[in-house]
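> how would this look folded up:
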Amino acid sequence: METISNEIEFVKNQVTSNYQVISLNIEGITHNESMVFPNGEANSMNWILGHLIYIRNAFLNILGEESVWDGEKFSCYNRGEIPLERKAEFVNFEELKSYLNQSQNILDAKLNTLERFTPGSSTDIAMLCLHEIYHSGQLGYLRRILGKPGAIK
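Numbers count the residues shown, from 1 in each chain. I've put the predicted structure just below:
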């Protein structure tokens, strides 16, 4: 039983840490700044944040919770999409921040009440945590490219 609670504690720490890094890296970024595609092709902050939320919805679903948005309506943020071709569909950056906060509140509440993960879900949950770490680092680089000071000290 101790292994199970350690597993949940580990994921809670990852989810909280990832949220803090993401939040720091997007702080003070305007919608127009979030729409910049470095080199005219690298993913924008808007797409990366939207993509993180899109994939967080899968995380919520694995834990038995509802998504914070309709995946079809926000499909421009899905894996495999070409963001530059779908930028007209992007959501205002402040609205994305609101969806991020909603997803965090639901994840926090769920992880605080779970006693164990469903069998077989641990690998998916670990990959979803890694996914967030990967993209939160990209947000840090994009912040610098936009001329903002680094947020992680």
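
> buried set for the helix or strand harbouring Val11?
Secondary structure assignment for Val11, by DSSP states H and E: helix 2-26. Using 16 or more other Cβ atoms under 10 Å as the test for burial, helix 2-26 gives 7-8, 11-12, 14-15, 18-19, 21-26. The way it works is simple: take the backbone N, C-alpha and C, and place the C-beta from them, glycine included.

> And for stretch 56-64?
Neighbour-count burial for stretch 56-64, counted by 16+ other Cβ under 10 Å, picks out 56-57, 59-60, 62-63.

> where does this protein have low pLDDT?
By pLDDT under 70, the low-scoring segments of the chain are 1-5.

> Nearest the geometric middle of it, what residue?
Leu52 (2.8 Å; Cα atoms, centre = their mean).

> Which residue ranges of this protein form helices?
Taking DSSP state H, the helices of the chain run over residues 2-26, 31-34, 45-62, 93-113, 121-145.

> In JSON lines, list the ones you listed along with distance to Lys87.
Shown next, in JSON lines, are the helices of the chain (distance: least, Cβ to Cβ, whole Å):
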{"stretch": "helix 2-26", "distance to Lys87": "17"}
{"stretch": "helix 31-34", "distance to Lys87": "11"}
{"stretch": "helix 45-62", "distance to Lys87": "8"}
{"stretch": "helix 93-113", "distance to Lys87": "12"}
{"stretch": "helix 121-145", "distance to Lys87": "15"}
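
> Figure out which of those helices is closest to Asn78.
helix 45-62 (5.7 Å; Cβ to Cβ).

> What helices and strands are in contact with the closest one?
Other helices and strands packing on helix 45-62, by 3 or more Cβ pairs under 8 Å, 6 or more residues apart in numbering; DSSP states H and E, are helix 2-26, helix 31-34, helix 93-113, helix 121-145.

> Other residues contacting the third one?
Outside helix 93-113, the residues that touch it by Cβ atoms under 8 Å, 6 or more residues apart in numbering are 8, 11-12, 15-16, 19, 22-23, 26, 29-31, 33-35, 45-46, 49-50, 52-53, 56-57, 59-60, 63-65, 68-69, 91.

> Identify each buried residue in that helix, please.
93, 96-97, 99-100, 103-104, 106-107, 110-111.

> try the second one
Buried positions in helix 31-34, judged by neighbour count with 16+ other Cβ under 10 Å: 33-34.

> before we move on, what about stretch 82-96?
83, 90-91, 93, 96.
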